[in-house]
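Student: Next come a sequence and a model predicted from it.
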Amino acid sequence: MDKQARQSIWSVVVGVVFIIVVTTVVDLLLHLLGVFPPLEVPIDDKLSALALAYRVVISVAGAYLTAHMAPDKPMKHALILGVVGTFLGGLGAAATWGRGLGPAWYPISIAAVAVPQCWLGGKLYVMRQARTSA
């Protein structure tokens, strides 16, 4: 495998790890601060909407990071991250379906917004690059 292929894979892996680590840290902080109930208690619609909102922001940042690290074609790499997110979100939805862990719409939404939010992160990177190179 050549250096560019390794860098391409690495850029997507870093985006995935960034998103997982940062969202987990925010989740835990919100539990510790009492915003979210204890870990064994499901969250309601309102708290699920909050969680989805910050996940979108964090995922846009992760896609921006992936685009920045990509050796070329930053949008392609950001979109690959989105496809990976859709796959992982789908696995999460399947694993938690019907287990009473929260509203059913929440894990579906995570999978559904993965590609659009990563497109946005990649687009923001490309727009910033165009401005700084002009």
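Tutor: That came through fine. Numbers count the residues shown, from 1 in each chain.
Student: buried stuff in stretch 25-40?
Tutor: Within stretch 25-40, the residues that qualify as buried are 26-27, 30, 36, counting by 16 or more other C-beta atoms under 10 Å. Where you see a C-beta, it was placed from the backbone N, CA and C, and this is true even at glycine.
Student: what's the answer for stretch 62-75, then?
Tutor: Buried residues in stretch 62-75 (16+ other C-beta under 10 Å): 62-70, 74-75.
Student: Name the residues that touch the host helix or strand of residue 79?
Tutor: Element membership of residue 79 [criterion: DSSP states H and E] is helix 74-96. Here helix 74-96 makes contact (C-beta atoms under 8 Å, 6 or more residues apart in numbering) with 8, 11-12, 15-16, 19, 59, 62-64, 66-70, 102, 107-108, 110-112, 114-119, 121-123, 125-126, 129.
Student: In it, which residues are buried?
Tutor: In helix 74-96, counting by 16+ other C-beta under 10 Å, buried: 74-75, 77-82, 84-86, 88-90, 93.
Student: Next one: the spatially most central residue of the chain relative to residue 44, how far apart?
Tutor: Centroid check for the chain by C-alpha atoms, centre = their mean gives residue 59 as the closest residue, at 3.3 Å. In this view, residue 59 and residue 44 are 22 Å apart by C-beta to C-beta, to the nearest Å.
Student: Wait, residue 16 touches residue 63, no?
Tutor: No: taking contacts as C-beta atoms under 8 Å, residue 16 lies outside contact range of residue 63: 10.4 Å.
Student: where does this protein have low pLDDT?
Tutor: Counting by pLDDT under 70, the chain shows low-confidence ranges at 134.
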